[in-house]
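K.L.:
sequence-free structure coming up:
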C-alpha cells in the first residue's frame, strides 16, 4: 500500500518429527498406486521418503551487507532489519544487480530473494533520483499476498529515502491505487491482472521503468498470466535491467528468458528436488469419514504445532475449516473468493500463532513465506508432482525438521 513514511522501519523475518505409530497411516504403495491428474501420472510411492537428518554445513557468505556500496541510510535500515550476513541468493545476486546486469535467479519462496532485488534497486533509484528522467521499478508477483508482502518489505528498507510505492492488486480499491499512482511513485508492485487494468485505463505509464522484476515467474505462468506478463513487459523501457526469479526452469520459462533477458547471469540456490530434512509419507483412506477421522488423529499428535493443509477446491477449504473448528481446532482457510482483507487477517493470525492450522488452495498459498511450519498435509492429491514439491517446501526450512503427509485412496 502506498504510504508516506512516518514511522521507523520494523524488523521483518526470515519441528518436531511426526512419529507415525499407526500402521494404517503408512504402507508401501500397492501396485496400481497411481492416478492421473491434470495430464500427469503420479506414482504415490514418490510421496514416501524418509528424512535424512544430515547436518548441513552453513553457507559461508562471500560478503557482509556492509561490503556492498549502499547509501549510508540503506545500511542503517539493513541493520535495523537485523541483517548482517547475506543469505545465499542475496550474497550472489546483489553484486550482479548493482553492476546493472540482467539476472535469472533460481530460488524458492523463503530464501530471501525479496531483499536480493529490493536492496540494490532501492539504492539504484535513490542514486538516479536527481537525473532529469525519473525512473520507476516494476515488480510483478503472482498473488496479492506476495505483492503486499514485497511492498511491506520495501517500506521497511526504503525508510528515509522519500521514495513511495503502490501495490496494484485485485481485491483492494482500484480508485485508491489510481490516486497513489497520480501522486507519483518510484516502485510499482503488483499482480498481472490489476497492472494490465491500470495500463488499459491509461493511468499507469511504464515507459520510464528501466528496472523490471518478475518474482515467482513460473507460478505466474502456471496461473495463466503469460499474455498479461508479455503485454506488461512490452510497455516498459526497451533499455532496461530485467530480473527473473523462479523455482523451476521449464521450457516456457527458458523461452521468456531468451526473449527478455540480455546476457543474464544465472544464479541458483536450489539444492535438490525436495528438502532432505522432510519426512514424507502417505495416509491411505477408504472413505470421506475415515479421511476426516485420520486427519483429526494427525492434528492431535504432539509435534503438529503449525500445520498447512492443501485442498484443490475453494468450497472444500471452507467445508474442512468448519469441520475442524467443530472439533475444537484453531483453524482458518484462504482461497481466491475470500476478500483480500480477510485473507490478510487470517494469514497474519497464522504467522502470529493465533491459529495453528491454515487450509488453503494452491493459488491462495503461492508466494507465501510462513516460517516454522511443522507439517504440510495434502488432503487432496496435488495435480502434478511439481505442485507437490512446491507445497512441501513450506516445511523443513532453515535446517529444521518437517513432515509432509499425503492422503491417497486405499
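P.N.:
Thanks, I have the structure now. A quick note: this is a predicted structure, and the numbers were derived from the prediction, not measured. Numbering: from 1, shown residues only.
K.L.:
got the domain ranges for this structure?
P.N.:
Recorded structural domains for the chain (assignment: automatic domain parsing) are 23-54+276-409, 65-268.
K.L.:
reformat the ones you listed as JSON lines; add mean pLDDT and mean neighbour count.
P.N.:
Every residue, glycine included, has its C-beta placed from N, CA and C. Rendered in JSON lines, the data for these read as follows (pLDDT from 0 to 100; neighbours: other Cβ atoms under 10 Å):
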{"stretch": "domain 23-54+276-409", "mean pLDDT": "84", "mean neighbour count": "18"}
{"stretch": "domain 65-268", "mean pLDDT": "92", "mean neighbour count": "19"}
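K.L.:
the strands in the stretch 201-350 of the chain, which residues?
P.N.:
Per DSSP state E, counting those that start in this stretch, the stretch 201-350 of the chain has strands spanning 209-214, 241-246, 265-268, 278-285, 307-310, 331-334. These are given in chain order.
K.L.:
again with the stretch 51-200 of the chain
P.N.:
103-106, 136-140, 165-168, 187-190.
K.L.:
looking at these, which is closest to residue 378?
P.N.:
Nearest to residue 378, of all the strands of the stretch 51-200 of the chain, is strand 103-106, at 24.0 Å by Cβ to Cβ.
K.L.:
list the strands paired with the closest one, with their directions.
P.N.:
Applying DSSP bridges, strand 103-106 is found paired with strand 241-246 (parallel), strand 265-268 (parallel).
K.L.:
could you dump the ones you listed to TSV with distance to residue 139?
P.N.:
As requested, these are exported to TSV (distance: least, Cβ to Cβ, whole Å):
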stretch	distance to residue 139
strand 241-246	9
strand 265-268	18
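K.L.:
so for residue 385, which of the ones you listed sits nearest?
P.N.:
Proximity to residue 385, assessed across those by Cβ to Cβ, is greatest for strand 241-246 (17.0 Å).
K.L.:
now the closest one, how far from the centre of its chain.
P.N.:
On the basis of Cα atoms, centre = their mean, to the nearest Å, the separation between the geometric centre of strand 241-246 and that of its chain is 15 Å.
K.L.:
which one, of the strands of the stretch 51-200 of the chain, ends up nearest to residue 407?
P.N.:
Proximity of the strands of the stretch 51-200 of the chain to residue 407 was assessed by Cβ to Cβ; the nearest stretch is strand 103-106, lying at 30.4 Å.
K.L.:
who's in contact with the closest one?
P.N.:
Surrounding strand 103-106, the residues in contact under the criterion Cβ atoms under 8 Å, 6 or more residues apart in numbering are 89, 93, 96-97, 113, 116, 243-249, 257, 261, 264-270.
K.L.:
try 10 Å
P.N.:
89, 92-94, 96-97, 111, 113, 116-117, 120, 213-215, 217-218, 241-249, 253-254, 256-257, 261, 264-270 (Cβ atoms under 10 Å, 6 or more residues apart in numbering).
K.L.:
try stretch 229-240
P.N.:
With Cβ under 10 Å, 6+ apart, stretch 229-240 has contacts from 102, 133, 135-136, 138, 140, 142, 190, 192, 195-196, 198-200, 204-212, 214, 217, 220-221, 225, 242, 256, 259-260, 262.
K.L.:
dump the strands of the stretch 51-200 of the chain into TSV; add distance to residue 318 as well.
P.N.:
Rendered in TSV, the data for the strands of the stretch 51-200 of the chain read as follows (distance: least, Cβ to Cβ, whole Å):
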stretch	distance to residue 318
strand 103-106	35
strand 136-140	29
strand 165-168	26
strand 187-190	27
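K.L.:
quick one: closest of these to residue 294.
P.N.:
Shortest distance between residue 294 and the strands of the stretch 51-200 of the chain, using Cβ to Cβ, is found for strand 103-106: 36.3 Å.
K.L.:
quick one: the closest one to chain centroid distance?
P.N.:
With Cα atoms, centre = their mean as the basis, the distance from the averaged C-alpha position of strand 103-106 to the chain average is 15 Å.
K.L.:
equivalent analysis for stretch 82-98, please.
P.N.:
With Cα atoms, centre = their mean, you get 18 Å for stretch 82-98.
K.L.:
ok, now stretch 235-245?
P.N.:
In this view, stretch 235-245 has its centroid 21 Å away from the chain centroid, taken as Cα atoms, centre = their mean.
K.L.:
isn't residue 378 up against residue 310?
P.N.:
Yes. Contact status for residue 378 versus residue 310: in contact at 5.3 Å, counting by Cβ atoms under 10 Å.
K.L.:
find the residues that touch each one of these two.
P.N.:
Applying Cβ under 10 Å, 6+ apart, one finds that residue 378 and residue 310 are jointly contacted by 387, 388, 391, 392, 406.
K.L.:
output the residues you listed as JSON lines; include the columns secondary structure and distance to residue 297.
P.N.:
Putting those into JSON lines (DSSP: H, G, I helix; E, B strand; the rest coil; distance: Cβ to Cβ, whole Å) gives the following:
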{"residue": "387", "secondary structure": "helix", "distance to residue 297": "25"}
{"residue": "388", "secondary structure": "helix", "distance to residue 297": "22"}
{"residue": "391", "secondary structure": "helix", "distance to residue 297": "21"}
{"residue": "392", "secondary structure": "helix", "distance to residue 297": "20"}
{"residue": "406", "secondary structure": "strand", "distance to residue 297": "16"}
